[in-house]
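**Student:** Need a 3D model of the sequence below.
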Amino acid sequence: PQHDRRELLLFQRVFAVARRRLTISWHRVDRDGGATQRSLYLEEIAERLRDLAVTRPANPREVLVPTKELVAGTRDVRNLLFGFRATEAGATAFPETAAAAAVEAERQSGNACGTRDGVLGAARNLELIAKEFGPDIEFSATALESYASCPFHFFQERILRLFRVEPAEPTLDALVQGRVLHRALEKFHASHRGAAIGDIPVDVADTSMRDALDIAFTDVTRGQVHLSRGLLEAEKAKIARMLRQYLAIARETDDPAWKPVQFETAFGRARDDDDTPLPPFRLELDDGAVLLTGRIDRIDEANGGIRIVDYKSSVVQPAEILNRRAFQLALYALAAESVVRPGEMCDSALYLAVGREKGKTVALERAGKKSNWDERVALAQTAVETSLAGIRTGKFHPTFDDHPCSRCPDEKICRYQRARMQRKAAE
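**Tutor:** Numbers count the residues shown, from 1 in each chain. Next up is the predicted model:
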């Protein structure tokens, strides 16, 4: 490829600069602590100059840590104290650096996560956590999923309430876009309550969706004063395309027996002031009950049963459900049968990525060859129990997942390293 040829040319030019000696080094580990390989360029040089080249495997400590005689700055002192552990003389001369080195050594050890990794240890802190998240508190499924995905992110966002202030960008925030989509879909289906999209004439549906988007976009973006009119129109056009695709896909793939009848239905403290009050859902667990609150995007009816539909901006992968990272809909299905539509049976619940081909992911279903209701409910209950236990005992370490979110705003604070967390997880 053109990129590789350009990179090779640049490497050759740098290589040709040397006159008497050329020393080439490479990273032995990546930023996550994993092992790396030499580049193909270095392999070729070693092969071509095997009679002239001298390869000296570096001692891991010597890579970053100089000898005492070669210390040239504060960074060298820190690395020296960390790499060889603080000597009595070093700790006396640099007490703060020695203390920091001891902390970092504990973080990098293979011991189980402790107070240096986000686990609360002070009794006062644990008392505050117990009070903040006690048995009378209503939990949202979103909050519990947030903890299951990354305890440290939950701690930053929902306990410390720290948010990174982002500079205003010339585009709609993803959360704002999501609110526009939800509001537009709510208004569209409410104006055709009891009708599947396939039941609505194409021209009527298209006009109705445009009208719903006009109202939703105006309401939701009223405070987006940093965006010009032209940019707002461009963002609106992008959402309009997604909604047109949503209609087209639904006409071809939706079962017309399912009729949307209920929208943005809240239970517990998630309800708005004008909502009909619905109590929180009480989920019974082995260690006691937990109160859950939430908002169901859409409820459909067919043949005496109901199904839950949850709108998403991206496709939810089945692995997220099986790994207990996406269990919201299992809880919503139970809540629908208990407090939203008591006495009725929920046949299924699905995630729907708006405007995406193959955007449906069935979270759980009761009948048919793919019946997995009991299994998925058990997964959700286990996920809730695990999250509650971690929250209430103050365990807010970074995630153990191999592939955490690359855009996490807490990345520079938690300093996630895959290899480090794998060592911790082994304990």
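
**Student:** Roughly how far does the residue nearest to Glu320 when sequence neighbours are not counted sit from Ala380?
**Tutor:** Excluding the flanking residues, the one nearest Glu320 by CB to CB, 6 or more residues apart in numbering is Ala326, at 4.1 Å. The C-beta positions use only the backbone N, C-alpha and C, and glycine is treated the same way. Distance, Ala326 to Ala380, by CB to CB, to the nearest Å: 9 Å.

**Student:** Is it correct that Gly121 is in contact with Gly114?
**Tutor:** Yes: assessed by CB atoms under 8 Å, Gly121 is found in contact with Gly114 at 7.4 Å.

**Student:** With neighbour numbers in mind, choose between those two.
**Tutor:** Gly114 (14 against 10; other CB atoms under 10 Å).

**Student:** The residue nearest to Glu320 and Ala319 touch, don't they?
**Tutor:** No: look at Ala326 against Ala319 with CB under 8 Å: they stay out of range, at 9.1 Å.

**Student:** and Gly294, how many neighbours?
**Tutor:** 25.

**Student:** buried residues in the host helix or strand of it?
**Tutor:** Using DSSP states H and E, Gly294 sits within strand 288-302. For strand 288-302, burial by neighbour count (16 or more other CB atoms under 10 Å) applies to 290-301.

**Student:** show me where the stretch 201-350 of the chain has strands.
**Tutor:** Here the stretch 201-350 of the chain has its strands, by DSSP state E, counting those that start in this stretch, at 259-267, 281-285, 288-302, 305-312, 346-353.

**Student:** could those strands go into TSV alongside distance to Leu80?
**Tutor:** Output for the strands of the stretch 201-350 of the chain, formatted as TSV (distance: least, CB to CB, whole Å):
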stretch	distance to Leu80
strand 259-267	58
strand 281-285	51
strand 288-302	50
strand 305-312	50
strand 346-353	52
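
**Student:** can those strands go into TSV with extra columns for mean pLDDT and distance to Asp219?
**Tutor:** Listed next are these as TSV, based on pLDDT from 0 to 100; distance: least, CB to CB, whole Å:
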stretch	mean pLDDT	distance to Asp219
strand 259-267	95	14
strand 281-285	95	29
strand 288-302	95	17
strand 305-312	96	17
strand 346-353	96	22
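
**Student:** Averaged pLDDT, the lengthiest helix in the chain. What do you get?
**Tutor:** Looking across the chain with DSSP state H, the single longest helix is helix 229-253. Average pLDDT, helix 229-253: 94.

**Student:** helices or strands next to it in the packing?
**Tutor:** For helix 229-253, the contact count by 3 or more CB pairs under 8 Å, 6 or more residues apart in numbering; DSSP states H and E identifies helix 174-191, helix 202-220 as packing neighbours.

**Student:** List of residues touching the last one?
**Tutor:** Spelled out, that is helix 202-220. The contact list for helix 202-220 (CB atoms under 8 Å, 6 or more residues apart in numbering) reads 176, 179-180, 183-188, 191-192, 197, 200, 232, 236, 239-240, 243-244, 247, 251.

**Student:** give me the low-pLDDT residue ranges for this structure?
**Tutor:** Within the chain, the segments meeting pLDDT under 70 span 1-3, 31-34, 52-70, 81-92, 166-169, 225, 270-276, 403-407, 427.

**Student:** what sits against Thr74?
**Tutor:** Contacts here follow CB under 8 Å, 6+ apart; on that basis Thr74 touches Thr97.

**Student:** quick one: the helices in the stretch 1-150 of the chain?
**Tutor:** Assigned helices in the stretch 1-150 of the chain, in chain order: 2-17, 40-48, 60-64, 74-83, 88-93, 95-108, 123-132, 141-149 (criterion: DSSP state H, counting those that start in this stretch).

**Student:** Only alpha carbons, please: show the strand holding Gly294 as PDB.
**Tutor:** Taking C-alpha atoms only, strand 288-302 is exported to PDB below (Å, rounded to 0.1, in the frame of the first residue of the first chain):
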ATOM      1  CA  GLY A 288     -33.100  -9.200  49.700                       C
ATOM      2  CA  ALA A 289     -35.100  -7.000  47.400                       C
ATOM      3  CA  VAL A 290     -34.000  -4.000  45.300                       C
ATOM      4  CA  LEU A 291     -36.200  -1.100  44.000                       C
ATOM      5  CA  LEU A 292     -35.800  -0.400  40.300                       C
ATOM      6  CA  THR A 293     -36.800   2.700  38.300                       C
ATOM      7  CA  GLY A 294     -36.800   3.200  34.600                       C
ATOM      8  CA  ARG A 295     -38.500   4.400  31.400                       C
ATOM      9  CA  ILE A 296     -39.800   1.900  28.800                       C
ATOM     10  CA  ASP A 297     -39.500   3.400  25.300                       C
ATOM     11  CA  ARG A 298     -42.300   1.400  23.700                       C
ATOM     12  CA  ILE A 299     -44.800  -1.300  24.500                       C
ATOM     13  CA  ASP A 300     -46.500  -3.300  21.600                       C
ATOM     14  CA  GLU A 301     -49.500  -5.500  21.800                       C
ATOM     15  CA  ALA A 302     -50.400  -8.700  19.900                       C
END
